[in-house]
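Engineer: this is the structure alone, sequence omitted:
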């Protein structure tokens, strides 16, 4: 997610994993190679021998350790694979639970790492086809199998004999001689099972199963309704109304109209199409029309209205929290976070909220002086550009020719090589299957040794969910042989019909951000996959910090070259950008932070609201939301909150992560070399590679020598530090 402007709009970022030390020998902290081999053999012997029938359950074949067979995927094949995969997984967990031998780390914990591998392969493919393709057949499949998958997950959690074995291993870790990493794995497994209802009685488990099934259906419904509203567009029959827009935005709107068989231009209802209109279109009525359609996604009282679904979700979440012994959903969700409590998250947000609102007052005054009338939400970005030009002689359109998409990506690869020793080599088309012809694949090497593959899916298309995100199809681990990494970055840039694809500075920082997630994944050196998922309020930190390298001089000189002249961005222009670095931070912070505050308010209410629109208005009024700004994600389209539990009561996490991000960047800058090799190698070894094999707060202290300093965040945003 974008550090300054919080650009990500997707529903989730997949959990990241890591390991003990970068460059650790296979086995890492979990034991030497021979002991891992013995444990894996013992674990494998527990599981029944099964031969999957479905094509998409088979082990992946081909080069690079095997790759997903994207060219053979259909919705029908995926359905067959998921249904059979659930049955295979059920048999494996039953074998672990029913094992008459006493519970050990190998026959229980390691066996659980292996269980469900065929289903996992199918679900990796399923996630891509529903997010990146999203056609009607995949949407129908998602509606059908989501409750089946929720029930299968509950079946594992609610297995009393399995939980008894898990608890036995965790409670006796010291007596069993488990090392620190193994002890952390079994302790976290036990605690996760408890948080998800394993200790409930039969009636409680039945009720929780009902709630989880209902939530699964509601999440799917919400996401599909929002995607449907984003497939709308605004027709601009008279293209003269696009006056003020840069040429590439006009061309994209014309191309969008041709693809939709309408005359003139079409402004698609996604942020990448809407923001240029709000920033540059001189026609105020057009800005208002486009803005209203965009901010009212999911809130139009029609078949795609999400308000009733949201009310159902928050009610179900409150029921689940009470059933599990928590006062509200936020308390339950935050058990496994760095913040730990809603109060701690609110303390940080309140520290930033007041200076952000004060800055908005100043920004609005500057804009009103130019506009001569009161600023409305559809005016803010437009007149902010006028102020930027007047104060800093900086025009965003002046920057775009320096940000050609392929050059920006090459710059991100350079950053990865300088900091961490990663190199990326583009594969020839057809070397490995892809899910769409637009996807480009690279082989990744770590100091010359093969590390994995990196898939880039950059362009918007109907059915693809909005925003930018990272996902993976295979993560690094060594407990059962070394596994390489298959990961991807997914964007929604507007594809030009011809000529270069120019993106904004914000887009470039978003690309570096999502690439940071991929670098986190590619840096893993963990033993067990179960130690992969870092806390929600940590997971954005390693991605956010990488945005800072976009405008460093080596990347500017090597990659940010004018698309026509081939000359690098002049220092005078860089100086203007840096002078304006804290410009419009009131808007950027308030639009994001209002969404985070309302999220926390929604999920700490003792009685969940039923009128979602009324709740949103009341909550914003209580926080004193400036009338000139709208939430970055209004509740009716807030995918982060309502397509899964992943970011619910957790949208604050971007700000929490930014404290570490800003403090880390200050560390690099203070060293006198933002590519400092010692800091870079330690960052990779401690922050990226370890995943969740150690406490992340303790890891930060090992890296930085102290806790993160919140004043670094305030300085980055240009707010007072006292």
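Structural biologist: Cool, got the structure. Remember, it's a predicted structure, so these values are computed and weren't measured experimentally.

Engineer: now do the buried residues in the lowest-mean-pLDDT helix or strand in the chain.
Structural biologist: None of the helices or strands of the chain scores lower by mean pLDDT, DSSP states H and E than helix 396-399, at a mean of 86. The neighbour-count check on helix 396-399 (16 or more other Cβ atoms under 10 Å) flags 396, 397, 399 as buried. The C-beta positions use only the backbone N, C-alpha and C, and glycine is treated the same way.

Engineer: closest one to residue 211 out of those residues, please.
Structural biologist: residue 396 (46.8 Å; Cβ to Cβ).

Engineer: hang on, the closest one packs against residue 388?
Structural biologist: Yes - contact criterion Cβ atoms under 8 Å: residue 396 and residue 388 qualify, at 7.3 Å.

Engineer: just to revisit the earlier point, so for the helix or strand following the least confident helix or strand of the chain, what gets flagged as buried?
Structural biologist: Heading C-terminal from helix 396-399, the first helix or strand you meet, by DSSP states H and E, is helix 405-420. For helix 405-420, burial by neighbour count (16+ other Cβ under 10 Å) applies to 405, 407-409, 411-416, 418-420.

Engineer: if we can go back for a sec, elements contacting the least confident helix or strand of the chain?
Structural biologist: Judged by 3 or more Cβ pairs under 8 Å, 6 or more residues apart in numbering; DSSP states H and E, helix 396-399 is in contact with helix 571-579.

Engineer: and the helix it packs on, what does it pack against?
Structural biologist: So helix 571-579, by 3+ Cβ pairs under 8 Å, 6+ apart, packs with helix 396-399.

Engineer: redo that, cut-off 10 Å
Structural biologist: helix 380-392, helix 396-399, helix 553-559 (3 or more Cβ pairs under 10 Å, 6 or more residues apart in numbering; DSSP states H and E).

Engineer: and the shortest one, how far out from the chain's middle?
Structural biologist: Centroid separation for helix 396-399 versus its chain: 28 Å, with Cα atoms, centre = their mean, to the nearest Å.

Engineer: name the residues that touch that helix?
Structural biologist: The contact list for helix 396-399 (Cβ atoms under 10 Å, 6 or more residues apart in numbering) reads 244-249, 276, 279-280, 381, 384-385, 388-389, 502-506, 508, 560, 569, 573, 576-577.

Engineer: hmm, which of the residues you listed are the buried ones?
Structural biologist: Looks like the contacts of helix 396-399 have 244-246, 248-249, 276, 279-280, 381, 384-385, 388-389, 502-506, 508, 560, 569, 573, 576-577 buried, using 16+ other Cβ under 10 Å.

Engineer: strands of the stretch 351-500 of the chain, start to end?
Structural biologist: Counting by DSSP state E, counting those that start in this stretch, the segments of the stretch 351-500 of the chain that form strands are 422-426, 440-446, 449-459, 469-474, 485-493.

Engineer: dump those strands to a markdown table, plus mean neighbour count and mean pLDDT.
Structural biologist: Formatted as a markdown table, those follow (neighbours: other Cβ atoms under 10 Å; pLDDT from 0 to 100):
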| stretch | mean neighbour count | mean pLDDT |
| --- | --- | --- |
| strand 422-426 | 17 | 98 |
| strand 440-446 | 19 | 98 |
| strand 449-459 | 21 | 97 |
| strand 469-474 | 23 | 94 |
| strand 485-493 | 23 | 95 |
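
Engineer: between those strands, which gets nearest to residue 147?
Structural biologist: Here strand 469-474 is closest among the strands of the stretch 351-500 of the chain (Cβ to Cβ), at 22.3 Å.

Engineer: so which bits of stretch 209-225 are buried?
Structural biologist: 209, 211-216, 218-225.

Engineer: closest one of those to residue 549?
Structural biologist: Looking across these and measuring by Cβ to Cβ, the closest to residue 549 is residue 223, at 32.7 Å.

Engineer: didn't the closest one look like it was pressed against residue 217?
Structural biologist: No - counting by Cβ atoms under 10 Å, residue 223 stays clear of residue 217, with 11.3 Å between them.
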